[in-house]
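Participant: quick one, what's the 3D model for this:
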Amino acid sequence: MDDSSRRLQQRRNQPSFSSSSSTGPTRFRSQNFSTNPTKTTQSSNSVPRSNFTTATTPNNTRNPGHIRNRKSETYDGISQQQEEQEAREDVGSIIGTCPFMCPDGERAQRGRLRDLAVFERLHGDPRKTSPSLAVKKFCRTISVKHVQASDVRPLAVLEDTLNYLLNLLDSSEHPFEVVHDFIFDRTRSIRQDLSMQHIVNDRAICMYEKMVKFHVISHQRLRNCTSSSISSLQYLNMEQLTKALASLYVLYEANRNNNFVYENEAQFRSFYVLLHLDSKNQQMEESLSYWFRNVPSPVMKSKEMHFARQVLRFYRMGNYKRFLCTVSSEASYLQYCIIEPNVNEELDVESLCHACGLKITSDDGKNKSLPTKQTTFSIPKGSLQSYELVGLQQ
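Facilitator: Okay, the predicted model is just below:
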């Protein structure tokens, strides 16, 4: 195994997400995400941070409504931007007053219906929960015209809820697909509450960056899961990743002054380019040439964007050596999470060689190599195992 392969293997073993550890090994570019974006201009939508149990609840001036039964739903194809626009048009200037991660009415109803996720159950009882465990579910069919302020969480509560959810990501008590499914649904609910309140300030940008980061990490980790529903989870995760990225880019532009660029913007813009490595990804409809025209010049000149464009070019050319070397020496952890499905596994290469009758040798350092001038090459009999090797399809 050469140096590039060793570096890639070490990269796979890097911890996924921890609120207390924001930097990767020294061989990677810094992954330190600031608590808030560099830009400090405050919006009128900013809400002072409050504790879940001590937040002051203003008088509710909205019309009475009812709590709907919020069942888990599969995304039905309507774009996130369209949902957010509908919410803005229907609700107006609602300001949430719910001091908890989940409104009281929903929490009580889901307890009666035994509709509590495993992370929300008090002492494992599917009928009991608490304000410190229950998190508001996403509801596609919610009537935003009749939503009550007491059912919507203000910005400070949404920030604390998101941090609580992301702390669950490294939980080892449950399979990752179970953890992912819970966070996936509850972060969609967070985005829904942000949209209903027209919160588009710097703190919202920070939250969207964290949610995109969750989907990027899930993109890598779901590949190692064996559940029968993994294919569906991967598709839905990619769908929400692209939609969350699109919303994040809109927020960047809405808050931009002159040529100002957010601290993490270049890296998050590079994710969109790297997602084009997967030719099967039907989510990426917009052509890159058109997309590049709308990217700020400082971002286009950044090292993150230069890296992403280089990697994409080497991959499409089938120049696997330069592709691997560039990835192993320059990719950040999050960039690698997107790239990894397109990185050839050494075992796949070795398996293909054996299938073709070629011999693999190892030296004293256990570095494997393929001797030249072998005369034993043959076309495998029967069907050939499916390999996603760069250039193999050409």
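
Participant: elements contacting the helix or strand containing residue 269?
Facilitator: Using DSSP states H and E, residue 269 sits in helix 265-274. Using 3 or more CB pairs under 8 Å, 6 or more residues apart in numbering; DSSP states H and E, the elements in contact with helix 265-274 are helix 202-221, helix 230-254, helix 297-300, helix 303-317, helix 333-339. Glycine gets a C-beta too; all of them are placed from N, C-alpha and C.

Participant: and the ones you listed: which comes nearest residue 269?
Facilitator: Ranking those by proximity to residue 269 (CB to CB) places helix 297-300 first, at 5.3 Å.

Participant: just the buried residues of that closest one, please?
Facilitator: Buried residues in helix 297-300, defined by neighbour count with 16 or more other CB atoms under 10 Å: residue 299.

Participant: flag the shaky bits of the stretch 251-394 of the chain, pLDDT-wise.
Facilitator: Residue ranges of the stretch 251-394 of the chain with pLDDT under 70: 279-286, 344-350, 365-366, 381-394.

Participant: before we move on, the earlier item: export the helices and strands packed on helix 265-274 to a markdown table and tack on distance to residue 372?
Facilitator: Converted to a markdown table, the helices and strands packed on helix 265-274 look like this (distance: least, CB to CB, whole Å):
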| stretch | distance to residue 372 |
| --- | --- |
| helix 202-221 | 35 |
| helix 230-254 | 39 |
| helix 297-300 | 43 |
| helix 303-317 | 24 |
| helix 333-339 | 30 |
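
Participant: residues near residue 123, how many?
Facilitator: Residues lying near residue 123 (other CB atoms under 10 Å) number 6.

Participant: er, residue 212 actually
Facilitator: Residues near residue 212, counting by other CB under 10 Å: 22.

Participant: when you give positions from now on, start the count at 509
Facilitator: Let's use 509 as the start, then, which means that last one is residue 720.

Participant: how about it: what's its closest non-neighbour residue?
Facilitator: residue 752 (5.0 Å; CB to CB, 6 or more residues apart in numbering).

Participant: re earlier: residue 618 is nearest to which of the helices and strands packed on helix 773-782?
Facilitator: Nearest of the helices and strands packed on helix 773-782 to residue 618, taken as CB to CB: helix 738-762 at 21.8 Å.

Participant: run the angle between that closest one and helix 710-729 for me.
Facilitator: Orientation check (axes from the mean of the first three to the mean of the last three CA atoms, to 10 degrees): helix 738-762 against helix 710-729 gives 150 degrees.

Participant: and helix 738-762, what's buried?
Facilitator: Of the residues in helix 738-762, 738, 741-742, 744-757, 759-760 count as buried by neighbour count, 16+ other CB under 10 Å.

Participant: what's the answer for stretch 677-697, then?
Facilitator: By 16+ other CB under 10 Å, the buried positions in stretch 677-697 come out as 677, 684-697.

Participant: I'd like the mean pLDDT over that stretch, please.
Facilitator: Averaged over stretch 677-697, pLDDT sits at 96.

Participant: can you list the domain ranges for the protein.
Facilitator: By the assignment in automatic domain parsing, the chain contains the domains 509-540+774-851, 542-771, 852-902.
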